[in-house]
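Engineer: Please find the sequence and the predicted model below.
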Number of protein chains: 2
Amino acid sequence: MTIKLYCFGESGHSYKAALALQFSGLDWEPVKVDFFNGETRSPEYRANVNEMGEAPVLIDGDVKLTQSGVIQQYIADKTGKLGGTDMEKYEVLRWVLWDNHKLSSVAGMTRFLMNFLPEDKQPKEAIAMFQGRLKAAYDVLDKHMMGREWIVGDSLTNADLTCCGYLYYPEPFGFDRADWPNIDAWLTRLSEQPGWKHPYDLMPGNPSDRA
Amino acid sequence: MTIKLYCFGESGHSYKAALALQFSGLDWEPVKVDFFNGETRSPEYRANVNEMGEAPVLIDGDVKLTQSGVIQQYIADKTGKLGGTDMEKYEVLRWVLWDNHKLSSVAGMTRFLMNFLPEDKQPKEAIAMFQGRLKAAYDVLDKHMMGREWIVGDSLTNADLTCCGYLYYPEPFGFDRADWPNIDAWLTRLSEQPGWKHPYDLMPGNPSDRA
């Protein structure tokens, strides 16, 4: 049975789950969530799909899972891929949590505020604060990647797939790959893996739909 | 060998790990991190304790773990407690991730900005925005707790211990238990469990040290 992933192209959190499915070799297909017309915030979506009002959501037969990090863990458990080995599982989870707390969450919010809100509704003070916090996060990741190919151990894991969530998008939010050479090299390496796709190619929906 | 937890009283993220140790029955002791004098941001701390510059950090013999959610998972794996059963493990992880993304991260930041920064340095616009986002998070949790005793399944799990991280602190950040009756009842229930302690009683350091 084909796994379904409720997602949309602009969502870096969805992208983390979609990339894990893509690299796992599982049979899956995306189901577009119409975030920009309020679908995730509707009472029907909360009642029937996700009480947290968020994407992504994975449906695998009777199993329904939300939160990208949970979906990544499920894929690792199901396929034996992307989860790291032995004690590496804690190190993978560590980066998944750090990313959800310090990197993707803040990057996603900042990109939304700067690109998907009208200019006069953008909270400039908050955006500046988020960009400062993001810079500290990029610095942690860039230092960590010095001399490494992958975030945890010697192979691609969900740690890589969580941290890259928002870093391939073209819309500006204060991240310039050229400023962070180790992150830049790692993003290139990841994008050269067989099966990799850009978020707008891997999932349905992108800003040009609304242009 | 006694487990050591690097932590400090004002840190709700530390509290999540400390409470899990407390309820697990493991032998542990806190090691005070001097956050307010910059210890977590020092080069020594990043080099020797945690490259992410954060607390808590757990040391159990040769094992060193950071991120409260990782420490909680390790305690569950080690003791068979607090992790839920079977498929519940995904549901526990779901709330751990949601909390780190939407609840404790934002509550911790808002409480810091409102209470531990001088009045004239407080970013009012950002604080208002965070309080709006927190209200949406309280609403998700309060609705979820309607008719339930615990967040996942029929017993206390790490899902409860993550979401309560910042909710017992006395410093104002826009959370009033009286506004959220299901959260209020759950916090009372949790605080009545044998071994429960308030963060300022469970860990070293509190605002009166700096008064």
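Structural biologist: Yep, it's here. Just so it is clear, the structure is predicted and the values come from calculations on it, not from any experiment.

Engineer: Please parse chain A into its domains.
Structural biologist: As given by automatic domain parsing, the domain ranges for chain A are A:3-82+A:197-205, A:88-191.

Engineer: Please list all residues in contact with the closest residue to residue A:85 other than its chain neighbours.
Structural biologist: The shortest distance from residue A:85 to any residue other than its chain neighbours is 6.9 Å, reached at residue A:153 (CB to CB, 6 or more residues apart in numbering or on different chains). Backbone N, C-alpha and C define where each C-beta goes, glycine included. Contact partners of residue A:153, counting by CB atoms under 8 Å, 6 or more residues apart in numbering or on different chains, are A:84, A:85, A:88, A:91.

Engineer: Swap in 7 Å and give it another go.
Structural biologist: With contact set as CB atoms under 7 Å, 6 or more residues apart in numbering or on different chains, residue A:153 has these partners: A:84, A:85, A:88.

Engineer: Which of the residues you listed fall in helices?
Structural biologist: Using DSSP state H, residue A:88 are the members of the contacts of residue A:153 that sit in helices.

Engineer: Of the contacts of residue A:153 - the most surrounded one?
Structural biologist: With neighbours defined as other CB atoms under 10 Å in any protein chain shown, the most crowded of those is residue A:84; it has 24 neighbours.

Engineer: Can you check the pLDDT for it?
Structural biologist: On pLDDT, residue A:84 comes in at 93.

Engineer: Nearest residue to the middle of chain A?
Structural biologist: By CA atoms, centre = their mean, chain A has its centre lying nearest to residue A:165, at 2.9 Å.

Engineer: Look at it and give its secondary structure.
Structural biologist: Three-state call for residue A:165 (DSSP: H, G, I helix; E, B strand; the rest coil): coil.

Engineer: Which residue, neighbours along the chain excluded, lies closest to it?
Structural biologist: residue A:12 (3.7 Å).

Engineer: how much space between the residue of chain A most remote from its centre and residue A:197?
Structural biologist: No residue in chain A sits farther from the centre than residue A:120, which is 27.8 Å out by CA atoms, centre = their mean. As judged by CB to CB, to the nearest Å, residue A:120 and residue A:197 stand 35 Å apart.

Engineer: again with residue A:109
Structural biologist: 24 Å.

Engineer: and the two? which has more neighbours close in?
Structural biologist: For residue A:109 versus residue A:197, neighbours defined as other CB under 10 Å are more numerous around residue A:109 (18 against 14).

Engineer: part of a helix, is that one?
Structural biologist: Yes. Assignment of residue A:109 by three-state DSSP places it within a helix.

Engineer: The residue nearest to it when sequence neighbours are not counted is in what secondary structure piece?
Structural biologist: Nearest in space to residue A:109, with sequence neighbours left out and distances taken as CB to CB, 6+ apart, is residue A:130 at 6.4 Å. Here residue A:130, judged by DSSP states H and E, is contained in helix A:124-145.

Engineer: tell me the angle that helix makes with helix B:124-145.
Structural biologist: Between helix A:124-145 and helix B:124-145, the angle comes out at 80 degrees (axes from the mean of the first three to the mean of the last three CA atoms, to 10 degrees).

Engineer: Give me the packing partners of helix A:124-145, helices and strands only.
Structural biologist: helix A:104-115, helix A:181-191, helix B:124-145 (3 or more CB pairs under 7 Å, 6 or more residues apart in numbering or on different chains; DSSP states H and E).

Engineer: ok so, going back, pull the contacting residues for the residue nearest to residue A:165.
Structural biologist: Taking CB under 7 Å, 6+ apart, one finds A:104, A:108, A:165, A:166, A:169, A:199 in contact with residue A:12.

Engineer: now, which of the residues you listed sits nearest chain B?
Structural biologist: residue A:104 (8.4 Å; CB to the nearest CB).

Engineer: Counting neighbours, what do you get for the closest one?
Structural biologist: Based on other CB under 10 Å, the number of other residues close to residue A:104 is 26.

Engineer: And residue A:119, by the same measure?
Structural biologist: Residue A:119: 6 neighbours (other CB under 10 Å).
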